[in-house]
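Participant: got a sequence here, can you build the structure:
(one chain, ligands or ions: 2)
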Amino acid sequence: MTIARALTVAGSDSGGGAGIQADLKTFQELDVFGMTALTAVTAQNTLGVHGIYPLTVEAVQKQMDAIGEDIGTDAVKTGMLFNSDIIRGVAEKLMQYKWEKVVVDPVMIAKGGSVLLLEEAVRALREVLMPLALVITPNVPEAELIAGKSIHGLDDRKEAARILADLGAKNVVMKGGHDESNPNEVIDLLYDGRDFYEFSSPRQETRHTHGTGCTFAAAVTAELAKGRTVVQAVEVAKQFIQAAIEDTIQLGQGHGPTNHWAYRRRQAAGAGR
Ligand SMILES: Nc1ncnc2c1ncn2[C@@H]1O[C@H](COP(=O)(O)OP(=O)(O)OP(=O)(O)O)[C@@H](O)[C@H]1O
Ligand SMILES: Cc1ncc(COP(=O)(O)O)c(N)n1
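Facilitator: Residues are numbered from 1 along each chain as shown. Ligands and ions are numbered 1, 2, ... in the order given. Now for the predicted structure:
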């Protein structure tokens, strides 16, 4: 039996809703064998981030070597990278192993405001990592910072997507969760350097959205690992995150995690009809 493989290079969320925990759960639910290279450990729950403990560049690179020299991978996702040294170290390994299906989720700030990417690292993200990205998945504040442009509504998002593509990302998915210009819908916008594609869903009224960004990007990565096109992968990821947000599981006292089982259960229920 052959199985698609995916590697996530990201931080650990002890609360299980975001970071490598969200990525592994998503890979598993989409029938992809998940592997990890940890960049940092966070002490985190639904109320916020209570501690950040970054790993050394050597530790991150050794983990990537362990995968590259033995198991290999069909796609790679990057999440919380924390500082410019880690970004440069990760970029070096992506090039060494010629991993080309690379999804960069430019994680910067956690829900409660904690900094998951130091300010000094934004330049390295822009200059070193973005040119290696097959897909980059910024939310609105991340896109504003990378593109150096304020964003209000869909036209601004399109303009920012063009700027990000000019920085080297082959495909840009501008996520719409933070775009409050449309109160009824969440539109994720894909730009492939030529055309725009819109993926829309009803906006859910919920505070249980911790880890939506990680989960969405992990689903894109899993589908790419299985050989889907970028458009197909984003389509599945949108359905996956919509199900995970709708079928809420209500854990913790703050921003709770999403439901990583929901998509598979819906598929199974649909197949049984
Ligand atoms: N209220 C919502 N209703 C439906 N879908 C949503 C909602 N909020 C976010 N999403 C979806 O979740 C994914 C992540 O979107 P968002 O723009 O919030 O990214 P993010 O800010 O990186 O995530 P997070 O808020 O977890 O940090 C996108 O696919 C988006 O469409
Ligand atoms: C370790 C870690 N990585 C990423 C995020 C952001 O998660 P998201 O933007 O998906 O809510 C997080 N809160 N913790």
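Participant: quick one: residues in contact with the lengthiest helix in the chain.
Facilitator: Within the chain, and with DSSP state H defining each element, the longest helix by residue count is helix 230-246. Taking contacts as CB atoms under 8 Å, 6 or more residues apart in numbering, the residues outside helix 230-246 that touch it are 26, 29-30, 134-135, 171, 173, 188, 190, 192, 197, 199, 201, 204, 206, 208-209, 212, 215-217, 219-224, 228, 258-260, 262-263, 266. Heads up, the C-betas are built off the backbone N, CA and C, glycines and all.
Participant: any bit of it sitting next to ligand 1?
Facilitator: Yes - where contact is defined by CB under 6 Å from any ligand atom, part of helix 230-246 touches ligand 1, namely 238, 241-242, 245.
Participant: out of the residues you listed, who's nearest residue 12?
Facilitator: When those are compared for distance to residue 12 (CB to CB), residue 241 wins out at 20.7 Å.
Participant: roughly how far apart are that closest one and residue 220?
Facilitator: Going from residue 241 to residue 220 by CB to CB, to the nearest Å gives 10 Å.
Participant: now, of the contacts of helix 230-246, which are buried?
Facilitator: Burial by neighbour count, judged by 16 or more other CB atoms under 10 Å, picks out 26, 29-30, 134-135, 171, 173, 188, 190, 192, 199, 201, 208-209, 212, 215-217, 219-224, 228, 258-260, 262-263, 266 from the contacts of helix 230-246.
Participant: and those near ligand 1, which?
Facilitator: Those of these which are also neighbours of ligand 1 are 188, 201, 209, 212, 216, as judged by CB under 6 Å from any ligand atom.
Participant: with just CA atoms, put whatever helix or strand the second one lives in into PDB.
Facilitator: If I follow you right, that is residue 201. Under DSSP states H and E, the secondary-structure element containing residue 201 is strand 196-202. The C-alpha trace of strand 196-202 is given here as PDB (Å, rounded to 0.1, in the frame of the first residue of the first chain):
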ATOM      1  CA  PHE A 196      -8.500  34.700  -9.100                       C
ATOM      2  CA  TYR A 197     -10.700  32.000  -7.600                       C
ATOM      3  CA  GLU A 198     -13.200  32.600  -4.800                       C
ATOM      4  CA  PHE A 199     -14.100  30.000  -2.200                       C
ATOM      5  CA  SER A 200     -17.100  31.200  -0.200                       C
ATOM      6  CA  SER A 201     -19.000  29.800   2.800                       C
ATOM      7  CA  PRO A 202     -21.500  31.200   5.300                       C
END
